[in-house]
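**Student:** generate coordinates for the sequence data below:
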Amino acid sequence: MRIRPFIAIVVATVLVAGACSSRGGGDDTAVDADPPATPAASADFGSIQAPCGPGDATVDPAQNGGPTLKVGTPTDKGFEARPGLNIEVEDAAKAFIAWCNEQGGVQGLPLELVELDAALVSVPTVIEEACDNVFALVGGGLVFDDQVFPDSTSAT
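**Tutor:** Here you go, the predicted structure:
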C-alpha cells in the first residue's frame, strides 16, 4: 500500500466533512449578528491592567477619517461556500471594543471596528484596504494570509 494516496484521501475527506458541517441547528445565513453586550465586570482585563479608560488622546482626522481609533479585524466570512468562516474572530473583536468603549476607549479615544472580509481569496485587496483605513489589525481570521504577508513585510 502506498501511503501518499491514502493521506490524500484522508485529507480530502476531512476537507469535505469540514465544509459540509454545520455549527448547529440554526440558520447559518445570518453571519453578521452583533454579539450580545455584556457589562464590564471590572476595569481590568483578567489579571492584566486594563488598556482602556479615560484620557485626553486625539486622532488626526486626516489620518484616521474621524475622531475614533479604527481597528480592523480580517475574516473570510463572505466566502460563498462557507458563509461565516472565522466569524468568531470578528465577534471577539466586537465584544472587546464594546467592553473597552464602556470604560472610555483607549486614552479617551473610542474604538471603531472596521470589518475586513477577504472572502477567502481577496486577501491582498483587504490588506491594502487595511493599510489605508485602520490604525491596527486586531485578531486575524484569514485562511490564506500567506498570499500577502511575505510581500507586505519585505523592504522595498
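**Student:** any idea where the helices of this structure begin and end?
**Tutor:** Applying DSSP state H to the chain gives helices spanning 3-20, 61-64, 87-102, 123-133, 149-153.
**Student:** now the weakest link among these, please, by mean pLDDT.
**Tutor:** Mean pLDDT values for these show the minimum at helix 3-20, a mean of 49.
**Student:** okay, now residue 131: neighbour count?
**Tutor:** For residue 131, the neighbour count with other CB atoms under 10 Å is 11. Where you see a C-beta, it was placed from the backbone N, CA and C, and this is true even at glycine.
**Student:** typed the wrong thing, it's residue 76
**Tutor:** Residue 76 has 26 nearby residues by other CB under 10 Å.
**Student:** show me what it bridges to in the sheet.
**Tutor:** residue 85 (DSSP bridges).
**Student:** confirm for me that it is in contact with residue 85.
**Tutor:** Yes: Residue 76 is within contact range of residue 85, at 4.3 Å (criterion: CB atoms under 8 Å).
**Student:** which neighbours do the two have in common?
**Tutor:** 120, 141, 143 (CB atoms under 8 Å, 6 or more residues apart in numbering).
**Student:** tell me the contacts of the last one?
**Tutor:** Pointing back at residue 143 there. Contacts of residue 143 (CB under 8 Å, 6+ apart): 76, 85-86, 120.
**Student:** separation between it and residue 125?
**Tutor:** 15 Å (CB to CB, to the nearest Å).
**Student:** likewise residue 72?
**Tutor:** 13 Å.
**Student:** those two: which has the busier surroundings?
**Tutor:** residue 72 (23 against 14).
**Student:** the more buried one - nearest residue in space that isn't next to it in sequence?
**Tutor:** Closest residue to residue 72 apart from its sequence neighbours, by CB to CB, 6 or more residues apart in numbering: residue 134 at 3.8 Å.
**Student:** so residue 125 sits against residue 117, correct?
**Tutor:** No: look at residue 125 against residue 117 with CB under 8 Å: they stay out of range, at 10.1 Å.
**Student:** sweet, I'm off.
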